[in-house]
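Q: could you work out the structure for the sequence below:
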Amino acid sequence: MNFTGTPKVIIHGGAGSSLHGKGGLESVRRSLYTVVEAVYSLLLSGATASEAVLLGCQMLEDDPRFNAGTGSVLQSDGQIRMSASLMDGTSGRFSGVINISRVKNPIELVHFLQSSPDRVLSDYGAAELARELQVPSYNALTDLRLHEWMQERQDNFKSTMAGVVAEPELVETSNAGRGTIGVVVLDSSGGLAVGTSTGGKGFERIGRVSDSAMPAGNYATSHAAVSCTGIGEDIIDECLAAKIVVRVTDGMSLPDAMQRSFTEASKNQRDFGAIALDASGAISWGKTSEVLLAAYHDGTSIGDTLEWNNGELVGFC
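A: So this is what the prediction gives:
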């Protein structure tokens, strides 16, 4: 199927176990739809895929409900360290920052690095870049995330990660959330881009690196683009985003590439989700976790995956 010229977008706010009650579901849906509407409107104005990804990731990073930017979880030492990446499928360029602190929007530094000869920077280098760009220092900590960390410290960090959604009485059990945000876009010129940003698992060993700043979790070519969320180590072990994109680039349809990749992952007992777009405008998503917090605009209307729990590994429209 050839691309028709209609922009498409799909975003996610993490994956994990079911939200507590209908109120939690509707609250997350409102947040996701607000971002989808803003990104799609920007695309209709003629923005490139990378520009639209930047806006979508900024908005999701600014929402304290999600584990990226403001509202990021704390590592075991009580510090916030965030990672993010962006890949432009047209240029074939990947850029990222790893374990950066004290900035509001890691994705903004990542977007700047798209035009740099050195495109992936770790903590010290990313902090130096922020100073060079005169990015204001920012405290991404929220009271809810601090309370979550203090409770876990009392239990000597028995949980392996923090909750995916930060909101009173809507948070899953502390061992069930996998928080990352991601945006995948096809612009009106047929360009693909993808961005992914995260605060990490929460309570992890100091300096642990997530998949979000790796091609394993965030990858695009001119044929397809994929953003992942879930257990970062599982995503890395499967090299999930790159695997799906390479399969599409080599001629497999996006639904088939997603189905094969998630069937393999299920057999390997992985725990994650992914969202995807191909150059024809096909939208797809998959999960081995209970829920995937994703929403999309297919060129006609907005939909989501919040109540998609039919036992299938892959969905598409």
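Q: give the buried residues for stretch 118-133.
A: Judged by neighbour count (16 or more other C-beta atoms under 10 Å), stretch 118-133 contains these buried residues: 119-123, 126-127, 129-130. For the C-beta atoms, the positions are set from N, CA and C on the backbone; glycine is no exception.
Q: cool, and stretch 246-264?
A: Buried residues in stretch 246-264 (16+ other C-beta under 10 Å): 246-249, 252-255, 257-259, 261-262.
Q: which two in those are spaced the farthest apart?
A: 249 and 262 (18.0 Å; C-beta to C-beta).
Q: can you pull the contacts of residue 184?
A: Contact analysis of residue 184 by C-beta atoms under 8 Å, 6 or more residues apart in numbering lists 9-11, 53, 192-194, 220, 225-227, 275-277.
Q: if we use 7 Å, what do you get?
A: By C-beta atoms under 7 Å, 6 or more residues apart in numbering, the residues touching residue 184 are 10, 194, 225-227, 275-277.
Q: do I have it right that residue 305 meets residue 285?
A: Yes - the pair residue 305 / residue 285 is scored as a contact, 5.6 Å apart, by C-beta atoms under 7 Å.
Q: who's more crowded, the two?
A: For residue 305 and residue 285, the more surrounded residue by other C-beta atoms under 10 Å is residue 285, and the numbers stand at 26 against 22.
Q: in the sheet, who's paired with the more buried one?
A: For residue 285, the residues forming beta bridges with it (DSSP bridges) are residue 275, residue 315.
Q: so what's the backbone phi/psi at the spatially closest residue to residue 93 that is not a sequence neighbour?
A: In this structure, residue 93 finds its nearest non-sequential neighbour in residue 114, 5.5 Å apart by C-beta to C-beta, 6 or more residues apart in numbering. For residue 114, the backbone dihedrals (degrees, to the nearest 10) come out as phi -60, psi -30.
Q: now do the contacts for residue 114.
A: Each residue near residue 114 by C-beta under 7 Å, 6+ apart is listed here: 50, 86, 88, 93, 95.
Q: just those: which are in strands?
A: Taking DSSP state E as the definition of strands, those contribute 86, 88, 93, 95.
Q: save these as JSON lines, and put in neighbour count, pLDDT and distance to residue 310 too.
A: Below are the ones in strands among the contacts of residue 114 laid out as JSON lines (neighbours: other C-beta atoms under 10 Å; pLDDT from 0 to 100; distance: C-beta to C-beta, whole Å):
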{"residue": "86", "neighbour count": "30", "pLDDT": "99", "distance to residue 310": "32"}
{"residue": "88", "neighbour count": "24", "pLDDT": "98", "distance to residue 310": "34"}
{"residue": "93", "neighbour count": "17", "pLDDT": "98", "distance to residue 310": "37"}
{"residue": "95", "neighbour count": "24", "pLDDT": "98", "distance to residue 310": "37"}
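Q: pretty sure residue 96 contacts residue 112?
A: No - using C-beta under 7 Å, residue 96 makes no contact with residue 112, being 11.5 Å away.
Q: have a look at the two and say which one is more surrounded.
A: When residue 96 and residue 112 are compared for neighbours, residue 96 comes out ahead with 29 against 19, by other C-beta under 10 Å.
Q: if that one is in a bridge, with which residues?
A: Residue 96 has the following beta-bridge partners by DSSP bridges: residue 85, residue 120.
Q: which neighbours do residue 305 and residue 285 share?
A: Counting by C-beta under 7 Å, 6+ apart, the residues touching both residue 305 and residue 285 are 292, 294, 315.
Q: neighbour-wise, which of the residues you listed leads?
A: The residue in the shared contacts of residue 305 and residue 285 with the most neighbours, by other C-beta under 10 Å, is residue 294 (29 neighbours).
Q: so what's residue 119 up against?
A: Here residue 119 is in contact with 93-95, 113 (criterion: C-beta under 7 Å, 6+ apart).
Q: on that earlier part again, would TSV of the buried residues of stretch 118-133 with distance to residue 140 and pLDDT be doable?
A: Output for the buried residues of stretch 118-133, formatted as TSV (distance: C-beta to C-beta, whole Å; pLDDT from 0 to 100):
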residue	distance to residue 140	pLDDT
119	23	98
120	21	98
121	18	98
122	18	97
123	15	96
126	14	98
127	14	97
129	17	98
130	13	98
